[in-house]
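Colleague: Here's a sequence, model it:
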Amino acid sequence: MQNSNNGLGRYGEEVAARRLAEGGLRILERNWRCAEGELDIVALDGDTIAVCEVKTRSERGFQQPSEAIDGTKADRLRHLAERWLAERWPIHFSRLAHTVDGAAGTDPPPDDTDSGSAPPPPGGVRIDLVAVVNRIKGAAEVEHLRGAV
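Modeller: Purely as a prediction, here's the structure:
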């Protein structure tokens, strides 16, 4: 059962990442882990960091994906988002700034932003739910719920 769920979860994350990218979000990281947990997808939606929790269910399942996030899970996602922002945003900000300001084909500047000197994302951070229902026939149903948590 566990292997089946792992496969379904990986499938759902692939589908979710594709759908988010098609919707204009820039995927910054997938499956970011630390000792306290994991973030499925971290993306940039305009000038907002979108931390996306992906919940995948089979069409035959009894629970909707959106029902899988309770208060405890929401608190953990908020904590992980804060930790990701502190640890990883300076690195991504440096790369994004170089992409916008730097010339194509040049090396990125030295990574001296680990000190946390990068400004916060102008649009802030939100936590989204990407609900994926794997249908018996046909393409998976995907619903991106912005600011769900």
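
Colleague: What's the first helix or strand after the biggest helix by length in the chain?
Modeller: In the chain, taking DSSP state H as the definition, the longest helix is helix 71-101. Where DSSP states H and E defines the elements, the next helix or strand beyond helix 71-101 is strand 125-134.

Colleague: Direction included, what does that following strand pair against?
Modeller: Looking at strand 125-134 with DSSP bridges, its partner strands are strand 48-58 (parallel), strand 141-145 (antiparallel).

Colleague: Please export the C-alpha coordinates of the longest one as PDB.
Modeller: The C-alpha coordinates for strand 48-58 follow below in PDB (Å, rounded to 0.1, in the frame of the first residue of the first chain):
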ATOM      1  CA  THR A  48       4.900  36.400  -4.600                       C
ATOM      2  CA  ILE A  49       6.400  33.200  -3.200                       C
ATOM      3  CA  ALA A  50       3.900  30.400  -3.500                       C
ATOM      4  CA  VAL A  51       4.500  27.400  -1.200                       C
ATOM      5  CA  CYS A  52       2.500  24.700  -2.700                       C
ATOM      6  CA  GLU A  53       1.300  21.600  -0.800                       C
ATOM      7  CA  VAL A  54       0.300  18.900  -3.300                       C
ATOM      8  CA  LYS A  55      -2.400  16.500  -2.200                       C
ATOM      9  CA  THR A  56      -3.200  13.600  -4.600                       C
ATOM     10  CA  ARG A  57      -6.100  11.200  -4.300                       C
ATOM     11  CA  SER A  58      -7.400   8.500  -6.500                       C
END
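
Colleague: and it, which residues are buried?
Modeller: Using 16 or more other C-beta atoms under 10 Å as the test for burial, strand 48-58 gives 48-57. Using the backbone N, CA and C atoms, a C-beta is placed for each residue, glycine as well.

Colleague: try stretch 23-38
Modeller: 25, 27-28, 30, 32.

Colleague: re earlier: which of the buried residues of strand 48-58 lies closest to residue 41?
Modeller: residue 52 (4.0 Å; C-beta to C-beta).

Colleague: Wait, the closest one touches residue 40, no?
Modeller: Yes: counting by C-beta atoms under 8 Å, residue 52 does reach residue 40; the two are 5.9 Å apart.

Colleague: list the residues that contact both of the two?
Modeller: Listed as contacting both residue 52 and residue 40 by C-beta atoms under 8 Å, 6 or more residues apart in numbering are 16, 130.
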